[in-house]
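S.K.: just a sequence and a predicted model for now, questions to come.
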Amino acid sequence: MTAPLVTILDDEPEIRSMLADALEDAGFRTMGFGRATEFEAALKSTTPDVCLVDLGLPDKDGLTLVHRLALEQGASVIIISGRAQVQDRITGLELGADDYIIKPFDPTEVVARVRARLRKDRPVAQTSSNTARFNGWTAFFDRYVLEDDSGAETTFSHAEGEVLRLFLESPKRLISRSHMQETLGGAAGESFDRAMDVRISRLRTKLKEDPKNPRLIKTIYGAGYIFLGDVSWG
């Protein structure tokens, strides 16, 4: 079996080298890039399993690149950045990143986060289908698209798709925060809770839910969430 490929996009050669050494010692393949244009050119012929992306790039805005990766590539994206403000982390997660690591960091933590993403990606679903229908909506997980009953389409990110698929595979059952963390991967705690809050809020918006009284994704305070739709796959 081919080892998973992790791409490293950071303009600091020392950081690229440090991450590559740690990841390769852990059994991963790596490719490093110092500029966004080089990375984007490589994506035309390469499909990484996880993308590590620094936000402070010399030639392009890192957040814009993260958003495009999440929507167009369906890639798992981990931001690595010196921007430690809460708003930066929230923005990165809202734009589709799966995780956010603040510099300076321990390379072993990055390896652990990458492994968590891959563990989550492996057993993606109980069903092999990539199409689900529910309450006038159709979700196409191969294209990252939601289609309403009029045929209008709305894209969703890889990270939002993980949460939506988890709900659609377990309708009308309580899904606890701890179960979400175990299934989707990532470090437990405030950052994971914030990521879930952001993704669920964005899904509700895309499903045209009333934020004060959502019909489909119900919050059970202190316990988790329940998806109340009727779902069919295939």
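M.R.: That came in fine, so what should we check first?
S.K.: what mean pLDDT does stretch 192-204 get?
M.R.: Per-region confidence: stretch 192-204 scores 86 on mean pLDDT.
S.K.: what comes up buried for it?
M.R.: Neighbour counts over stretch 192-204 (16 or more other C-beta atoms under 10 Å) mark 192, 195-196, 198-200, 202-204 as buried. All C-beta spots, glycine's among them, are computed from the backbone N, C-alpha and C.
S.K.: check stretch 81-101 too.
M.R.: Counting neighbours by 16+ other C-beta under 10 Å, the buried set in stretch 81-101 is 81, 83, 88-89, 91-101.
S.K.: just the residues you listed: which are in strands?
M.R.: By the criterion of DSSP state E, membership of the buried residues of stretch 81-101 in strands covers 81, 99-101.
S.K.: redo those as TSV? Include pLDDT.
M.R.: Formatted as TSV, these follow (pLDDT from 0 to 100):
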residue	pLDDT
S81	91
D99	88
Y100	90
I101	92
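S.K.: farthest-separated two in the residues you listed?
M.R.: The span of these, defined through C-beta to C-beta, is set by S81 and D99 at 11.3 Å.
S.K.: so where's this protein uncertain?
M.R.: Along the chain, segments meeting pLDDT under 70 span 1, 71-75, 120-128, 186-191.
S.K.: domain ranges for it?
M.R.: Here the domain parsing of the chain from automatic domain parsing is 5-121, 131-233.
S.K.: longest helix in the chain, please.
M.R.: helix 190-206 (DSSP state H).
S.K.: ranges for the helices of this protein?
M.R.: Along the chain, counting by DSSP H, helices occupy 13-25, 36-43, 62-68, 86-94, 107-121, 158-169, 177-184, 190-206.
S.K.: pick the most deeply packed of those.
M.R.: Highest mean neighbour count among these (mean count of other C-beta atoms under 10 Å): helix 158-169, with a mean of 22.
S.K.: elements contacting the longest helix of the chain?
M.R.: When contacts are defined as 3 or more C-beta pairs under 8 Å, 6 or more residues apart in numbering; DSSP states H and E, helix 190-206 packs onto helix 86-94, helix 158-169, helix 177-184, strand 217-220.
S.K.: tabulate the ones in strands among the buried residues of stretch 81-101 in CSV, adding columns for distance to R16.
M.R.: Listed next are those as CSV, based on distance: C-beta to C-beta, whole Å:
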residue, distance to R16
S81, 15
D99, 18
Y100, 19
I101, 15
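S.K.: so which of those is the closest to R115?
M.R.: Nearest to R115 among those is D99, at 11.6 Å by C-beta to C-beta.
S.K.: excluding chain neighbours, what is closest to that closest one?
M.R.: I78 (4.4 Å; C-beta to C-beta, 6 or more residues apart in numbering).
S.K.: was I right about the one you found contacting I101?
M.R.: Yes: judged on C-beta atoms under 8 Å, I78 makes contact with I101 at a distance of 6.3 Å.
S.K.: so P211 touches R204, yeah?
M.R.: Yes: in terms of C-beta under 8 Å, P211 counts as a neighbour of R204; the distance is 6.2 Å.
S.K.: give the contact list for the residue nearest to D99.
M.R.: Contacts for I78 (C-beta atoms under 8 Å, 6 or more residues apart in numbering) come out as 50-53, 97-101, 110, 113-114, 117.
S.K.: can I get the residues you listed in CSV including distance to G136?
M.R.: Below are those laid out as CSV (distance: C-beta to C-beta, whole Å):
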residue, distance to G136
V50, 35
C51, 34
L52, 38
V53, 36
A97, 30
D98, 29
D99, 33
Y100, 34
I101, 39
V110, 42
R113, 37
V114, 38
R117, 32
